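*Asks:* Take this sequence and fold it.
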Amino acid sequence: MVNDLPTSQVIYLQPQPAPPRRRHPCLRLRLLPPPHRVVEMAPKKDKAPPPSSKPAKSGGGKQKKKKWSKGKQKEKVNNSVLFDQATYDKLLSEVPKYKQITPSVLSERLRINGSLARRAMKDLMDRGLIRMVSVHCSQQIYTRATNT
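*Replies:* Next up is the predicted model:
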């Protein structure tokens, strides 16, 4: 069919616009709601609520705006960085009797800092007073030495 037409003549087909949509007859009418009647009510009598044993509910309604609480501040620990004689004696006498020995346990009970606790555990291990349970890069766990 395209070959039947001369080559110099080109026909452009344009789409026809869609016919206008017909609306449903009910949609064409804009129905208004019936007018509201104004009813006068009798004035309310002022009456005190009866006393009750239950406390008044505070639910619903407007509530007080919650205040921002100041966060709990962690108190500064003042752990020692060197052993004094009393702490060193306590290390040698009491620590080998602990069931679980970690840097945090020593730091908390002896009030020494973490690096000093790690050194102390290494020293006790060399003396044979405690034995190693588990050691990796971030945590060392020791226990008391038993006759095994």
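*Asks:* same for the longest helix along the chain, what does it pack against?
*Replies:* The helix spanning the most residues in the chain, taking DSSP state H as the definition, is helix 114-127. Contacts defined by 3 or more CB pairs under 8 Å, 6 or more residues apart in numbering; DSSP states H and E place helix 114-127 against helix 85-93, helix 103-110, strand 130-136, strand 139-144. Using the backbone N, CA and C atoms, a C-beta is placed for each residue, glycine as well.
*Asks:* if we go to 6 Å?
*Replies:* If you count contacts as 3 or more CB pairs under 6 Å, 6 or more residues apart in numbering; DSSP states H and E, helix 114-127 packs onto helix 103-110.
*Asks:* what residues does the helix it packs on touch?
*Replies:* For helix 103-110, contacts defined as CB atoms under 6 Å, 6 or more residues apart in numbering pick out 87, 114, 117-118.
*Asks:* for it, which positions count as buried?
*Replies:* Buried residues in helix 103-110, defined by neighbour count with 16 or more other CB atoms under 10 Å: 103, 105-107, 110.
*Asks:* so where is the protein shaky, pLDDT-wise?
*Replies:* The model of the chain has pLDDT under 70 over residues 1-11, 24-39, 47-61, 148.
*Asks:* Now do the closest residue to Leu82 other than its chain neighbours against Asp126, distance only.
*Replies:* Leaving out its chain neighbours, the residue that sits closest to Leu82 by CB to CB, 6 or more residues apart in numbering is Leu116, at 7.4 Å. Distance, Leu116 to Asp126, by CB to CB, to the nearest Å: 16 Å.
*Asks:* do the same with Arg111
*Replies:* 23 Å.
*Asks:* more neighbours, those two?
*Replies:* Per other CB atoms under 10 Å, whichever of Arg111 and Asp126 has more neighbours is Arg111, with 12 against 9.
*Asks:* my read: that one touches Asn78, true?
*Replies:* No - contact criterion CB atoms under 6 Å: Arg111 and Asn78 do not qualify, at 7.8 Å.
*Asks:* one step back: state the pair within the buried residues of helix 103-110 that is farthest apart.
*Replies:* Across the buried residues of helix 103-110, no pair lies farther apart than Pro103 and Leu110, at 10.7 Å, counting by CB to CB.
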